[in-house]
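Engineer: return atomic coordinates for the entry below.
(one chain, ligands or ions: 3)
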Amino acid sequence: MKAKIIGVIIGIVFLTGAIAVAVQNQGAKDIALDGGKKGEVNFPHYLHQDTIGDCNVCHDLFPKTAGIIKDLKEQKKLKKKQVMKKTCIKCHKAKRDAGEKTGPIRCSKCHVK
Ligand code: HEC
Ligand code: HEC
Ligand code: HEC
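Structural biologist: Numbering: from 1, shown residues only. Ligands and ions are numbered 1, 2, ... in the order given. From the prediction side, this is the model:
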């Protein structure tokens with residue numbers, strides 16, 4: 001009986017911990033995205049989480065999984081450059097036009113070889 005209660009308590013503690021970790025999974029701080037022939041794109045993930053706030057601005061288009069953009073492009077569920085145009089550059093241009101702090105728009109400012 002005692003062992004059972006302890007077991008349940010350990011179970012609850014473990015579960016609570018697992019939920020807390022799941023809620024806080026922000027992914028990597030910086031992510032190197034595959035940019036095809038144009039070269040890799042260094043993406044500051046936390047900087048965007050802090051400035052944008054809403055995860056879904058990006059993660060509506062692709063799930064919170066490492067390497068998913070490349071996978072979805074290979075499965076033809078995302079077009080080539082779709083994320084780049086519809087997410088990255090679209091927002092950077094909108095911010096620039098609004099006179100706000102923004103990110104790169106020129107190719108070589110994102111892609112490195
Ligand atoms: C400006 C766009 C953008 C925003 C906003 C954003 N993410 Fe991401 N996130 C990405 C990209 C890009 C990837 C990498 C996908 C890939 O590797 O194909 C990613 C990957 C992830 C991953 C997968 C693990 C990893 O490290 O690659 C997790 C988890 C994640 N994001 C969580 C979050 C959470 C939580 C928020 C909100 C607090 C958030 N993201 C906001 C763009 C964004
Ligand atoms: C804000 C950052 C950014 C800028 C600026 C940018 N790119 Fe990209 N580019 C990306 C990201 C992220 C990807 C990978 C996701 C995708 O394909 O949508 C990518 C993917 C690509 C790909 C690979 C597509 C594939 O799947 O084979 C090419 C080619 C490319 N970009 C060319 C360009 C050219 C040309 C310019 C300038 C006119 C440019 N990029 C500007 C971020 C950027
Ligand atoms: C909803 C708006 C939004 C989206 C979507 C977005 N960005 Fe940005 N990005 C910003 C803003 C705002 C800044 C300037 C942040 C700052 O300097 O405080 C920025 C800055 C950057 C920088 C420069 C960071 C530095 O240290 O100067 C890079 C690189 C960048 N973004 C890449 C990307 C890529 C790649 C994507 C797509 C996967 C993307 N961004 C999607 C708003 C966005």
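
Engineer: just give the nearest non-adjacent residue to Gly103, would you?
Structural biologist: Nearest residue to Gly103, sequence neighbours excluded (CB to CB, 6 or more residues apart in numbering): His92, at 4.5 Å. Yep, even glycine has a C-beta here, placed from its N, CA and C like the rest.

Engineer: got the buried residues for stretch 33-42?
Structural biologist: Neighbour counts using 16 or more other CB atoms under 10 Å place 33, 35, 41 of stretch 33-42 among the buried residues.

Engineer: restricted to strands, list those.
Structural biologist: Among the buried residues of stretch 33-42, the ones falling in strands (DSSP state E) are 33, 41.

Engineer: show me where this structure dips below the pLDDT cut-off.
Structural biologist: Low-confidence segments of the chain (pLDDT under 70): 1-3, 5-24.

Engineer: hey, where'd the helices end up in it?
Structural biologist: 2-23, 45-52, 56-59, 68-74, 82-83, 90-97, 107-110 (DSSP state H).

Engineer: burial measure for Cys58, as a count.
Structural biologist: 19 (other CB atoms under 10 Å).

Engineer: quick check: it touching His45?
Structural biologist: No - under the criterion of CB atoms under 8 Å, Cys58 makes no contact with His45, lying 9.4 Å away.

Engineer: how about the residues of this protein by ligand 1?
Structural biologist: 25-28, 31, 33, 43, 45, 48-49, 52, 55, 57-59, 64-70 (CB under 6 Å from any ligand atom).

Engineer: hmm, try it at 8 Å
Structural biologist: Applying CB under 8 Å from any ligand atom, one finds that the chain approaches ligand 1 through 25-28, 31, 33-34, 43, 45, 48-49, 52-59, 62, 64-72, 83, 87-88, 91.

Engineer: up against ligand 2, what does this structure have?
Structural biologist: Proximity of the chain to ligand 2, by CB under 8 Å from any ligand atom, involves residues 33-38, 41, 43, 69-70, 73, 78-89, 92, 103-111.
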